[in-house]
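Undergrad: I would like the atomic coordinates for the input below:
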Amino acid sequence: MRTRRKQPDVPAPDSPWSEIVPGLWMGGHEFRGSSGQLEFAVVSDEFDLVQTLLRLPGHGPDPGVEHHVWPIPDGPLDGTQLAGVIRLAEAACEAVDAGRRVLVRCYHGYNRSGLVVAHALVRRSHSAEQAIRLIRSRRSPWALHNELFVDYLRAGLSTARLLEELAE
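TA: Residues are numbered from 1 along each chain as shown. Here you go, the predicted structure:
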């Protein structure tokens, strides 16, 4: 399964992860370091829960850190994949409510992680537009540049899930 489209015009982020709201972080597996070179983002024990939407070996987290893995493409999602995104967002909210530090990550920390984090924010009373703006201001203007994911958020993930399941 291809989980990442090649987009050479999309720059790598300047940091491995960014705090979107207190306790909820969004990040990736690769970033542009202070030298300007691409570096791998390796998670050790900075977070209590790591949710990974694209798993790369050797990128952590440390043993003992709770780790949820749900690989999804950076493209159209089926009903099962959307259900997983909804479950990850719910788990992220529960962990933040319990005072835990949560990282949601994908390749650059733009689209897939943005979908989960935005849905978590919507669950916390943000509108889809507020969630998208907040993520772009805290992570990168490139966050959620996948317009299909923005459409899913504007429709609501539960609605998008039902529509995808009907189409299947």
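Undergrad: all contacts plus neighbour counts: C-alpha atoms, from now on.
TA: Fine.
Undergrad: Name all residues that make contact with Ile20.
TA: Under the criterion of CA atoms under 8 Å, 6 or more residues apart in numbering, the neighbours of Ile20 are Met26, Leu134, Ile135, Arg138, Arg139.
Undergrad: Find me the pLDDT at the residue nearest to Glu19 when sequence neighbours are not counted, would you?
TA: Leaving aside its sequence neighbours, Glu19 sits nearest to Trp25 (CA to CA, 6 or more residues apart in numbering; 4.2 Å). Trp25 is assigned 98 on the pLDDT scale.
Undergrad: Would you confirm that Trp25 belongs to a strand?
TA: Yes: assessed by DSSP: H, G, I helix; E, B strand; the rest coil, Trp25 belongs to a strand.
Undergrad: Any idea how many residues pack against it?
TA: For Trp25, the number of neighbouring residues by other CA atoms under 10 Å comes to 24.
Undergrad: residues touching it, list them.
TA: So Trp25 contacts Trp17, Ser18, Glu19, Arg101, Val102, Leu103, Val104 (CA under 8 Å, 6+ apart).
Undergrad: beta partners for it?
TA: Judged by DSSP bridges, the bridge partners of Trp25 are Glu19, Leu103.
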